[in-house]
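>>> sharing a sequence plus its predicted fold:
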Amino acid sequence: NSATKAPPTPSPLRFSKYFQANMRILVTGGAGFIGSHLVDRLMENEKNEVIVADNYFTGSKENLKKWIGHPRFELIRHDVTEPLLVEVDQIYHLACPASPIFYKYNPVKTIKTNVIGTLNMLGLAKRVGARILLTSTSEVYGDPLVHPQDESYWGNVNPIGVRSCYDEGKRVAETLMFDYHRQHGIEIRIARIFNTYGPRMNIDDGRVVSNFIAQAIRKEPLTVQAPGTQTRSFCYVSDMVDGLIRLMEGENTGPINIGNPGEFTMMELAETVKELINPEVEIIEVENTPDDPRQRKPDITKAKELLGWEPKIKLRDGLPLMEEDFRRRLEVPREN
Ligand code: NAD
Ligand code: UDP
Ligand code: UDP
């Protein structure tokens, strides 16, 4: 008779929140590019319930259509600059436009999203005792004076430039995270994400990989912004999602760089896209925008040592996967 049995001795592991059978996870910005891939991965685990809060500024329900109506999934139209009351165990806080043309479109809104939005998610984390991960950015290093960038570098950022709503916004968001951690004991995780690419990127969002692939498919010239020698390092989205989950589940607050250290000039990227997608296409040089960082490459020593993470997908292998998705959405099948 089980009623007469002594109760089991509680094991600290079994009773720790992170080993509970079910985990309720909030993903802000979950209808966007990285967020929707993260939701796909989290939903694969049957122990997870996922709530997405998104205002659809740059994301769409289309990205989540396979989960709408699923009993473990919930989608809320919500702007993170407003308070949010939900009961969750973990918060992946991604909400914020990531492409320069969108974050510059309404810079005051961008900074409110970064500052008030992050404050609200920290207030929520504090009330419910949730662990919170912020997707910060390599842009906190600005136009870096050290190369490659490691996490100890404080950055070279213009506080009054047209990019400041985004990069200074994320710097304040990081500050808020650490202040809530030190003052209120909130469990925080900070990822500094470097340029990420893959299926579901907005086709016309102005970022370089999406621009070049859409241009090559549409047989339009690839627009390399002058001088074309500026560099970036591109991480495929599945690698990024893997890094974010490892960071959330691990024991380190960060900040930790998550990115692919393979570094390319924009001219090399254009030549690679041309070779892989459309050898007939022209490459032209166009004017650049102000404050464009000249070089960027993550030092991922910390991610390797602390998270056991490094990217697996090379640019040459990731670009064709993205091409397939863009061809389907642009309704331009491959000729041959
Ligand atoms: P995205 O624009 O595709 O996704 C952002 C999502 O946030 C969208 O669904 C958008 O509708 C939502 N959103 C924006 N403002 C909001 C608000 N006020 N309230 C609620 N939802 C809001 O961008 P992404 O590439 O998926 O980026 C996700 C996160 O990763 C962002 O925080 C971004 O700063 C960071 N990041 C991305 C990159 C990259 O290369 N993609 C690089 C560095 C950092
Ligand atoms: N907040 C929220 N959801 C919650 C708890 C708080 O959105 O479940 C918001 C709250 O509206 C506030 C912010 O988070 O604007 C910071 O909350 P905190 O409790 O840290 O500060 P206070 O409310 O004392 O200013
Ligand atoms: N870029 C380019 N052609 C384009 C769009 C961007 O050469 O059509 C360049 C841009 O000048 C920058 C790099 O590509 O040097 C990356 O730009 P993106 O907007 O993708 O990301 P971020 O500047 O935020 O890294």
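Yep, it's here. Ligands and ions are numbered 1, 2, ... in the order given.
>>> quick one: low-confidence ranges for the stretch 201-336 of the chain?
336 (pLDDT under 70).
>>> where along it do the strands fall?
Under the criterion DSSP state E, counting those that start in this stretch, strands of the stretch 201-336 of the chain are mapped to 222-225, 231-233, 235-236, 256-258, 263-265, 283-286.
>>> just say which of those strands is most tucked in.
Among the strands of the stretch 201-336 of the chain, strand 256-258 has the highest mean neighbour count (mean count of other C-beta atoms under 10 Å), at a mean of 28. C-beta coordinates here come from the backbone N, C-alpha and C atoms, glycine included.
>>> what lies in contact with that one?
With C-beta atoms under 8 Å, 6 or more residues apart in numbering as the test, strand 256-258 has contacts from 138, 149-151, 190-194, 235, 240, 243-244, 247, 298-300, 302-303, 306-307, 309.
>>> adjacent strands (with direction) for that strand?
Sheet pairing here is set by DSSP bridges, and for strand 256-258 it gives strand 188-193 (parallel).
>>> right, is the strand it pairs with up against ligand 3?
No: using C-beta under 6 Å from any ligand atom, strand 188-193 never reaches ligand 3; the gap is at least 10.6 Å.
>>> count of neighbours near Glu310?
Other residues near Glu310 come to 14 when the count uses other C-beta atoms under 10 Å.
>>> against Asp239, how distant is it?
As judged by C-beta to C-beta, to the nearest Å, Glu310 and Asp239 stand 8 Å apart.
>>> again, but for Lys219
For Lys219 relative to Asp239 (C-beta to C-beta), the value is 30 Å.
>>> please apply the same query to Thr28.
When Thr28 is compared with Asp239 (using C-beta to C-beta), they lie 21 Å apart.
>>> more neighbours: which of those two?
Thr28 (32 against 20).
>>> ok, that one touching Thr118?
No: counting by C-beta atoms under 8 Å, Thr28 stays clear of Thr118, with 9.5 Å between them.
>>> who touches both of the two?
Counting by C-beta under 8 Å, 6+ apart, the residues touching both Thr28 and Thr118 are 80, 93.
>>> up against ligand 1, what does the stretch 151-300 of the chain have?
Residues of the stretch 151-300 of the chain lying near ligand 1 (C-beta under 6 Å from any ligand atom): 193, 195-196.
>>> just the buried residues out of the residues you listed, in ChimeraX syntax.
Per 16 or more other C-beta atoms under 10 Å, the buried members of these correspond to this ChimeraX selection:
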select :193,195,196
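>>> turn the residues of the stretch 151-300 of the chain next to ligand 1 into JSON lines, including pLDDT.
Shown next, in JSON lines, are these (pLDDT from 0 to 100):
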{"residue": "Ile193", "pLDDT": "98"}
{"residue": "Asn195", "pLDDT": "96"}
{"residue": "Thr196", "pLDDT": "98"}
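>>> and the residues of the stretch 151-300 of the chain next to ligand 1 as JSON lines, adding distance to ligand 2?
Below are those laid out as JSON lines (distance: C-beta to the nearest ligand atom, whole Å):
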{"residue": "Ile193", "distance to ligand 2": "24"}
{"residue": "Asn195", "distance to ligand 2": "30"}
{"residue": "Thr196", "distance to ligand 2": "27"}
